[in-house]
Each structure stands twice: as structure tokens, then as C-alpha cells.
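**Q** whatever this is, show me its structure:
(one chain, ligands or ions: 1)
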Amino acid sequence: MTDSIIPENVSTAPVSTAEKAKSDVLLSVEDLRVWFELRRFGFGIAGYVHAVDGVNFQLAYGEAIAIVGESGCGKSSLMRTILGLNKITKGRITYGGQSIADMRGEQLRKYRSQVGYVQQDPYGAMAPFMSVERILEEPLVINTTKNREERMKRIERALTEVKVSPVLDFLPKFPHMLSGGQQQRIVIARSMILDPKLMVADEPVSMLDASVRVEILKLLRSLQEKYKVAVIYITHDLSTVRYFSRRIFVMYAGNLVEKARTEDLLRNASHPYTKALLTGTSEPDANNAYSYKDVPPGEPPNLIKPPAGCRFHPRCPFIIKGLCDVEVPPDFEIESEHTAACWLYKK
Ligand SMILES: Nc1ncnc2c1ncn2[C@@H]1O[C@H](COP(=O)(O)OP(=O)(O)OP(=O)(O)O)[C@@H](O)[C@H]1O
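**A** Next up is the predicted model:
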């Protein structure tokens, strides 16, 4: 185990409630806003892209969640901010109780070593001139595993965990010599090699052949369960999350509009946008060829000037005029561990 910046006595057991005791919370995102400046040549700031705009959630030790939403809703901006790559405009992210914006030097290095990252494009994620051995050895060298023998043991263990075999055959290979699925296994091995407490997987299977997607998701799931690593799985594809995460957060135009346990969200989707997403999710059912699905028309809003009130109101078939187009809806409780930011659920 690498040096931890969080107390060692903290439980890594799977969680059962969303309202976690403080000591069970690994990551807390509080009223997070990430706005990107739009610059006009020579005339300063012309406006802001409100990519993440008031996001709140807590992630427990060892918990797997999915953040689902269509392209441009702010998923990657949220993920990059958690990784410390985007500046926080407002709000806070804490890890083990410490604000990541306040971390400096050694503390920041330790935080980064405890957060694994699996990208969408495995080939782009690896230096093409480095062998598998060097790709996996580099984080160990940077994070002061001085002993070469120890490094090799960890590399072999990581490759065995991601089911790449025979291990020794893969060590001298370069990324272009591997299939897409094998490349993603190496990226996963690299993300796990420092024994992270949190892994962020950004569309990890969307660039892979359909035949290997399930295998890679199952692998991530089994590593999550075995090592009790918390996972944030980011995807636009609702059909893949049901096999993966304990909770689903639905993101629309910079906001999390619905949060629920996976089975509750699929059984009792409440926000009109979630319903639309589910309607648009294809199931491998031959009868679908004969059915018509009524998906709400329109496009996601421009995040430079998002609509007032609920951001989904211009597309919503259930709009309450004078309310939805004026006031931002808070999270209303639908059932235990299930909220929807929609005025339809005001008591
Ligand atoms: N560095 C940046 N500067 C300016 N605007 C940005 C920047 N990064 C993202 N954006 C904008 O923020 C909004 C959200 O983008 P983001 O990539 O987070 O969405 P996404 O849901 O991950 O979409 P995708 O799946 O297509 O990557 C988009 O309008 C995007 O153009």
C-alpha cells in the first residue's frame, strides 16, 4: 500500500446508505462550479461556459457510482476537476476531509497517486515509444518505489490482475502491438498499480469493440470489489451502467438532475430527462424494431447562456409555466436515497 493522506483507520467496507457518516466519506463535492472563460481578442472576458454548475454528491470508500449524461453536459469537466486538472470556480471538493484546492507539493502528489484514471482512448493514454514494462514502471519510479525487484513484482501482479497473460510476453510489447481490449487492460493495470483509493473511469469502453466492452466492465467491477476502490464511472450509455455501479447520477447541462440507487433509477426514473434518456437507450430486443419511441425534441442548451430555472424546461413535456422557467428546482426526495431536481415532485 502506498503512503496515504487519509487516516488508515477509515473503513473501506461497502456502504449501504447515501447519507453516510462523515468518516465513511472518501470524496465530497459541494456546490461545485466550473466555468470556463470565453475571451474576446483584446477585450477581456466575453462570458463563461457554465460546464459544471452547482454539483453536490458524496462518494463513500469502496463505492461505485456512475455519472450519465449526453455529450457536452459537463461530465468530463467534472471528472477533470476531481483529478485536479481544472480550476474550481466556486464550491469545494474534499478528499478524506481535505480540500483538494488547498493541497500543495507532497500532499498533492500523494492525492494524485491515490486517484487512478482510466481514459476513453487507451492508445492515446500511453506513450507509443514506451514498452508495457516502462509504462507500468514509471508511476512506481515517480512515487519512490526504489527497489527494482519490488517494482517488477508489482508490475507482474498488476498484469495478472487485469488478466493479461503470459505476463512476461507482454512486458516488452509496445502499445501498437496490442489489441484495443489489451491496451485498455494495460491502462487499467497502470491506474491500479499504486493501490488507489479512487478510480475515475471516463467512458472506458466507448472506443472498444462491442465484444470486449462487457469483459472490460466486468474486470473494473471485480477490481473495485476486490480492492474496495471507489469508482466514478462516466458514460453517456445508460445500458452499460446497470452492470456496474451501486448508484447512478444523471447529469444535464452542468447539473445532477437525478440521483438514485441503480435499481431504483431503472425501475422508477422520475426526472423527465432521465425518462427521456431511458427511452433512448436501446435494448437488445427484436420487438424494438416494431415500436416507436417518443423522445423529447430539441437539443441540450448552450452552456454560455443556460436557460433560467430548470435547464431542461425548454424541452420538457411537463413544464409548469411561471415556475420551471423561473426558479431553479432543488433536489426533491422521491424515495430513500433517491432525489430528483424537478418541480413536479414538490410536496
Ligand atoms: N477548457 C475548456 N474551455 C472552454 N470550454 C470548455 C473547456 N472544456 C470543456 N468546455 C465546454 O464545457 C462544456 C462541457 O464539456 P465536457 O467535455 O465537460 O462535456 P462532456 O459531457 O464530457 O461531453 P463529451 O462526452 O462530449 O466529452 C462543453 O460546452 C465544452 O465545450
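**Q** going forward, measure contacts and count neighbours with C-alpha atoms only.
**A** Fine.
**Q** wait, does the helix or strand where Asp31 lies make contact with the ligand?
**A** For Asp31, the host element (DSSP states H and E) is strand 25-40. Yes - Strand 25-40 comes into contact with the ligand (C-alpha under 6 Å from any ligand atom), by way of Phe36.
**Q** kindly export stretch 308-321 (C-alpha atoms) in PDB.
**A** Extracted in PDB, the C-alpha atoms of stretch 308-321 (Å, rounded to 0.1, in the frame of the first residue of the first chain):
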ATOM      1  CA  ALA A 308     -33.300  30.300 -16.400                       C
ATOM      2  CA  GLY A 309     -35.000  28.000 -13.900                       C
ATOM      3  CA  CYS A 310     -34.700  24.300 -14.700                       C
ATOM      4  CA  ARG A 311     -32.300  23.900 -17.600                       C
ATOM      5  CA  PHE A 312     -34.400  21.100 -19.100                       C
ATOM      6  CA  HIS A 313     -37.600  23.300 -19.200                       C
ATOM      7  CA  PRO A 314     -37.400  24.200 -22.900                       C
ATOM      8  CA  ARG A 315     -37.500  20.500 -23.800                       C
ATOM      9  CA  CYS A 316     -39.800  19.300 -21.000                       C
ATOM     10  CA  PRO A 317     -43.200  18.000 -21.900                       C
ATOM     11  CA  PHE A 318     -44.400  18.600 -18.300                       C
ATOM     12  CA  ILE A 319     -43.300  22.200 -17.900                       C
ATOM     13  CA  ILE A 320     -45.100  24.200 -15.200                       C
ATOM     14  CA  LYS A 321     -45.000  27.800 -16.700                       C
END
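**Q** could you give me the average pLDDT of it?
**A** For stretch 308-321, mean pLDDT rounds to 94.
**Q** in that stretch, what counts as buried?
**A** Residues of stretch 308-321 classed as buried: Cys310, Arg311, Phe312, His313, Pro314, Arg315, Cys316, Ile319 (neighbour count, 16 or more other C-alpha atoms under 10 Å).
**Q** what average pLDDT does the strand holding Asp31 get?
**A** Averaging pLDDT along strand 25-40 yields 93.
**Q** poorly predicted segments of the chain, please.
**A** 1-23, 42, 280-297 (pLDDT under 70).
**Q** what parts of it come near the ligand?
**A** By C-alpha under 6 Å from any ligand atom, the residues of the chain that approach the ligand are Phe36, Val49, Ala51, Glu70, Ser71, Gly72, Cys73, Gly74, Lys75, Ser76, Ser77, Leu303.
**Q** same thing but 8 Å
**A** By C-alpha under 8 Å from any ligand atom, the residues of the chain that approach the ligand are 35-38, 49-52, 69-79, 203, 235-236, 253-254, 302-304.
**Q** are any of those residues buried, and which?
**A** Burial by neighbour count, 16+ other C-alpha under 10 Å: within the residues of the chain next to the ligand this picks out 35-36, 49-52, 69-70, 72-79, 203, 235-236, 253-254, 303-304.
**Q** in strands, which of those residues fall?
**A** Trp35, Phe36, Val49, His50, Ala51, Val52, Thr235 (DSSP state E).
**Q** Gly96 reaches Leu26, doesn't it?
**A** Yes - using C-alpha atoms under 8 Å, Gly96 is in contact with Leu26, at 5.0 Å.
**Q** more neighbours: which of the two?
**A** Leu26 (24 against 21; other C-alpha atoms under 10 Å).
**Q** what's the distance between the more buried one and the ligand?
**A** As judged by C-alpha to the nearest ligand atom, to the nearest Å, Leu26 and the ligand stand 23 Å apart.
**Q** got a list of contacts for the host helix or strand of Arg213?
**A** Using DSSP H and E, Arg213 sits within helix 210-227. By C-alpha atoms under 8 Å, 6 or more residues apart in numbering, the residues outside helix 210-227 that reach it are 62, 64, 161-162, 181, 184-185, 188, 205-206, 229-231, 243-244.
**Q** and the buried ones among these, selectable in ChimeraX?
**A** Entered in ChimeraX, the line below selects the buried ones among these, by 16+ other C-alpha under 10 Å:
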select :62,64,161,162,181,184,185,188,205,229,230,231,244
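**Q** between the contacts of helix 210-227, which is nearest the ligand?
**A** Ser206 (10.2 Å; C-alpha to the nearest ligand atom).
**Q** all set now, cheers.
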